[in-house]
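**Student:** Predicted model and sequence follow; I will ask about them next.
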Amino acid sequence: MKKLGFGCMRLPVIGGNQQNIDIETFKKMVDVYMERGFTYFDTAYVYHGGKSEEAVRKAVVERYPRDSFTVTTKLFMFGVNKKEDMERMFSEQLARLRVEYIDYYWLHALNAASYEKAQRLDCFGFIARKKAEGKIKHIGFSFHDSPELLERILSDHPETEYVQLQLNYVDWLSPTIAAKKCYDIATAHGKPVIVMEPLKGGALVNVPQQVKDMFLAHEPDLSVASWGIRYAASLSNVMTVLSGMSNLQQVDDNTSYMQNFVPLTAEEEKLCERAAKIINETTPIPCTACRYCVDGCPKHIAIPEYFAIYNEHRRMGGYSNGMVYYANLTAMHGKASDCIKCGKCERICPQHLPIRKYLEEVAKTFE
């Protein structure tokens, strides 16, 4: 399998509505991706407000032979509270996708709290049984927590076949994400790594000008995004790198340099290290815009959008159109100051961000 997976978390939408996926554009994107020899589609129960799996059915499953593509989806751990929930959710996913089996199936976003739940409800046993029934080909989990917990899970469950990790050149040595440590642990256990967030939710596309100039000076024909994808794909134990593509241009760009993938040179790795240092110094809120925090917010606060506006405002030294964009968003969403500190967002945040504290900063800046 080629080392570029199609992440179906940031698909094109109509009218800004995350549940209203632009299926016709998605089909065109799929066609280009498949024509160039790529096969791996990654979706999940909750992506696009529950509409991503259906979109994969319409754009991929109903249009291509089953043996020509690989489909992955996940058991949403925040939605599993009793054993019966697992069977219900899995059956619903098979119905949404209209497939007889799922190639790769995960326990979604394991951390300390969800791992305790997984142990208590025997979630690993559930996916192992589905594999034995032929409903799943390969089992694993995606992970957002400490290296110590990853070591424990892999020791407790050697039956898992792979791990999905957040990995990019900015998070490689991060004390919070600890991408390198987690990668090394997975490798030591003989588990291939599937990479999520290689571009950190777009943060490694919209980089500071200094970083952009540095990359383009070295290789003018490669996009800024290519550096993040190629960095992750260059690691020997990486099976594939997911890119959450949103338009045809992104598909065309990503497939252009990943069709005949060439790993980074030692000099290029050094450039990524320099870029990481610059980006970390200029990005106050390391949000990846995964949007897990949005659905449960009782005040309907546009958290990722506010954080993106805030980061740009800070990056520009306070000289930006942030006030205008913030006013536009608050006309349709709750303001940052509307936060009631319930903490739902922080409990589900894969980055473990102090979201309530950051919202206070946003309110102070723009209100």
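**Tutor:** Cool, the structure landed. Residues are numbered from 1 along each chain as shown.

**Student:** Low-confidence bits of the stretch 1-150 of the chain, can you list those?
**Tutor:** Along the stretch 1-150 of the chain, no part satisfies pLDDT under 70.

**Student:** the helices in it, which residues?
**Tutor:** Using DSSP state H, counting those that start in this stretch, the helices of the stretch 1-150 of the chain run over 23-35, 52-56, 83-97, 112-121, 123-132, 147-156.

**Student:** Of the ones you listed, which stretch is the most buried?
**Tutor:** Among the helices of the stretch 1-150 of the chain, helix 52-56 has the highest mean neighbour count (mean count of other CB atoms under 10 Å), at a mean of 25. All C-beta spots, glycine's among them, are computed from the backbone N, C-alpha and C.

**Student:** picking that back up, could I get the helices of the stretch 1-150 of the chain in JSON lines, plus columns for distance to Asp67?
**Tutor:** Putting those into JSON lines (distance: least, CB to CB, whole Å) gives the following:
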{"stretch": "helix 23-35", "distance to Asp67": "13"}
{"stretch": "helix 52-56", "distance to Asp67": "16"}
{"stretch": "helix 83-97", "distance to Asp67": "15"}
{"stretch": "helix 112-121", "distance to Asp67": "31"}
{"stretch": "helix 123-132", "distance to Asp67": "18"}
{"stretch": "helix 147-156", "distance to Asp67": "31"}
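
**Student:** Is it correct that Gly79 is in contact with Gly50?
**Tutor:** No: at 10.2 Å, Gly79 does not count as touching Gly50 under the criterion of CB atoms under 8 Å.

**Student:** Between these two, which has more neighbouring residues?
**Tutor:** Remark: of Gly79 and Gly50, Gly50 carries more neighbours, 16 against 13, as counted by other CB atoms under 10 Å.

**Student:** What distance do you get for the spatially closest residue to Gln210 that is not a sequence neighbour to Glu312?
**Tutor:** Distance criterion CB to CB, 6 or more residues apart in numbering; nearest residue to Gln210, sequence neighbours excluded, is Ile278 at 5.7 Å. Computed as CB to CB, to the nearest Å, the Ile278 to Glu312 distance reads 16 Å.

**Student:** ok, now Thr25?
**Tutor:** Look at Thr25 and Glu312: by CB to CB, they are 26 Å apart.

**Student:** for Pro158, same thing?
**Tutor:** Taking CB to CB, one finds Pro158 at 45 Å from Glu312.

**Student:** the more surrounded of those two?
**Tutor:** It is Glu312, of Pro158 and Glu312, that has more neighbours when counted by other CB under 10 Å, with 15 against 10.

**Student:** Check which helices and strands the host helix or strand of the more buried one is in contact with.
**Tutor:** Glu312 belongs to helix 303-315 when assigned by DSSP states H and E. Using 3 or more CB pairs under 8 Å, 6 or more residues apart in numbering; DSSP states H and E, the elements in contact with helix 303-315 are helix 292-295, helix 322-330, helix 355-366.

**Student:** Residues in contact with it: which ones?
**Tutor:** The contact list for helix 303-315, computed with CB atoms under 8 Å, 6 or more residues apart in numbering, reads 201, 203, 206, 208, 282-285, 287, 289-291, 293-294, 297, 320, 322, 325-326, 329, 333, 336, 345, 355, 358-359, 361-362, 365-366.

**Student:** Now which of these would you call buried?
**Tutor:** Buried members of the contacts of helix 303-315, counted by 16 or more other CB atoms under 10 Å: 201, 203, 206, 283, 285, 287, 289-291, 293-294, 297, 320, 322, 325-326, 329, 333, 336, 345, 355, 358-359, 361-362, 365-366.

**Student:** Could I get the buried residue list for the helix holding Glu312?
**Tutor:** For helix 303-315, using 16+ other CB under 10 Å, the buried residues are Ile303, Pro304, Glu305, Tyr306, Phe307, Ala308, Ile309, Tyr310, Asn311, His313, Arg314, Arg315.

**Student:** still on that earlier bit, going by mean pLDDT, which of the helices and strands packed on helix 303-315 comes out lowest?
**Tutor:** Here the lowest mean pLDDT among the helices and strands packed on helix 303-315 goes to helix 322-330, at a mean of 86.

**Student:** what packs against it?
**Tutor:** Helix 322-330 packs on helix 303-315, helix 355-366, going by 3+ CB pairs under 8 Å, 6+ apart.

**Student:** got the CA positions of it in CSV?
**Tutor:** C-alpha atoms of helix 322-330 as CSV (Å, rounded to 0.1, in the frame of the first residue of the first chain):
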residue,chain,number,x,y,z
GLY,A,322,-9.3,39.0,13.7
MET,A,323,-11.9,41.5,15.0
VAL,A,324,-13.9,41.3,11.8
TYR,A,325,-13.7,37.5,11.6
TYR,A,326,-14.6,37.1,15.2
ALA,A,327,-17.6,39.4,14.9
ASN,A,328,-18.8,37.4,11.9
LEU,A,329,-18.6,34.1,13.7
THR,A,330,-20.3,35.3,16.9
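
**Student:** now the angle from it to helix 303-315?
**Tutor:** Going by axes from the mean of the first three to the mean of the last three CA atoms, to 10 degrees, helix 322-330 is angled at 170 degrees with respect to helix 303-315.

**Student:** Quick check, Leu154 in contact with Glu161.
**Tutor:** No: using CB under 8 Å, Leu154 is not in contact with Glu161; the gap is 11.1 Å.

**Student:** who touches both of those two?
**Tutor:** Contact with both Leu154 and Glu161 is made by residues Lys191, according to CB under 8 Å, 6+ apart.

**Student:** follow-up on the earlier one: quick one: which two of the buried residues of helix 303-315 are the most distant?
**Tutor:** Ile303 and Arg315 (18.6 Å; CB to CB).

**Student:** Between the helices and strands packed on helix 303-315, which one is closest to Phe41.
**Tutor:** In terms of CB to CB, the element of the helices and strands packed on helix 303-315 nearest to Phe41 is helix 292-295, at 20.0 Å.
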